[in-house]
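S.K.: okay, sequence plus prediction incoming.
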Amino acid sequence: MIILGIDTSSTDLSVSLCIDGVVLSSVDRYVKNAHAEHIAQTVDTALNLGGVDVNDVTHIAVSIGPGSFTGLRIGLSFVKGFCMFTERAVLPLSSLLVLAHAVGCRGGCQSQRIFTALDARQGRVHWGGFTYNRDNDDRSQPCIRRLTKDRLSPSDELLGELSQNDLLVTDAMGYRQSAVFDAFAGAAQIVDAQKSSLRRGLSCASIAFDNIVNGDNRDKEEFRWQSASQIVPNYLQASAAEEKRDL
């Protein structure tokens, strides 16, 4: 099986290609607000580096949110177009789960709780809680399990869940004046996603392969393969324009 992993949930564009669990290529571009211009070329680069023809891709795993409204729309639109003439199984993944997995893949992380959080503005964060360990057969890959559902809440709610032994991965989503994470200093071990090399596209592909191999032991609601036409973004919040309209 050849799996294409795509993450466009944040400022970085991350694409990876794997065959039977082996990484063929991984391409990451950190260009803010430029996913539309680069996604087709980035996927093409990943395919060329992996020596794979576009028609040979059998599965796609893609982040569906929460995250950047524009980035998610671009990523999902690309997947729908990619599958227009050749139907492929698509696995929609929580961007918070993918971020937790990507941190685990980075190495040096002990078995512990991992919380991931994105700046949702107005003092709010998108966040989720997970447990991390290496209890699977492949000791190089992390095993991620959910502690909480993906949530949108004031930052205080997440702060109340944390302990100093937890790992908190924060993503300011490209906002230069983001201050929502200042209150978390000292509450947990903090990793800034935008200052770390986290290959989220690779995590999408790795999670998908693990699900195919160990599907009977996975959450059926969390990991549900669909056709591309069924995939929808999970924003968890209304857009700024929608919020202004509802005032």
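M.R.: Thanks, I have the structure now.

S.K.: pull out the buried positions in the helix or strand hosting Arg73.
M.R.: Element membership for Arg73, per DSSP states H and E: helix 69-82. Across helix 69-82, burial judged by 16 or more other C-beta atoms under 10 Å covers 69, 71-76, 78-79, 82. C-beta here means a position set from N, CA and C on the backbone, and glycine is covered the same way.

S.K.: please tell me how far the closest residue to Ile74 other than its chain neighbours sits from Thr11.
M.R.: Nearest residue to Ile74 in three dimensions, chain neighbours excluded: His35, at 4.5 Å (C-beta to C-beta, 6 or more residues apart in numbering). Using C-beta to C-beta, to the nearest Å, His35 is found at 9 Å from Thr11.

S.K.: mutual contacts of those two, please.
M.R.: Contact criterion C-beta atoms under 8 Å, 6 or more residues apart in numbering; residues shared by His35 and Thr11: Gly71.

S.K.: now the angle between helix 69-82 and the top helix by length along the chain, please.
M.R.: Longest helix in the chain, counting residues (DSSP state H): helix 35-50. If you take axes from the mean of the first three to the mean of the last three C-alpha atoms, to 10 degrees, helix 35-50 sits at 50 degrees to helix 69-82.

S.K.: show me how far helix 35-50 is from its chain's centre.
M.R.: Remark: helix 35-50 is offset 18 Å from the chain centroid, using C-alpha atoms, centre = their mean, to the nearest Å.

S.K.: report all helices and strands that the very next helix or strand once past it contacts.
M.R.: The helix or strand immediately downstream of helix 35-50 is strand 59-65, counting by DSSP H and E. Counting contacts by 3 or more C-beta pairs under 8 Å, 6 or more residues apart in numbering; DSSP states H and E, strand 59-65 packs against strand 2-7, helix 69-82, strand 89-94, helix 95-105, helix 200-213.

S.K.: partner strands of strand 59-65, with direction?
M.R.: Sheet pairing of strand 59-65 (DSSP bridges) gives strand 2-7 (parallel), strand 89-94 (parallel).
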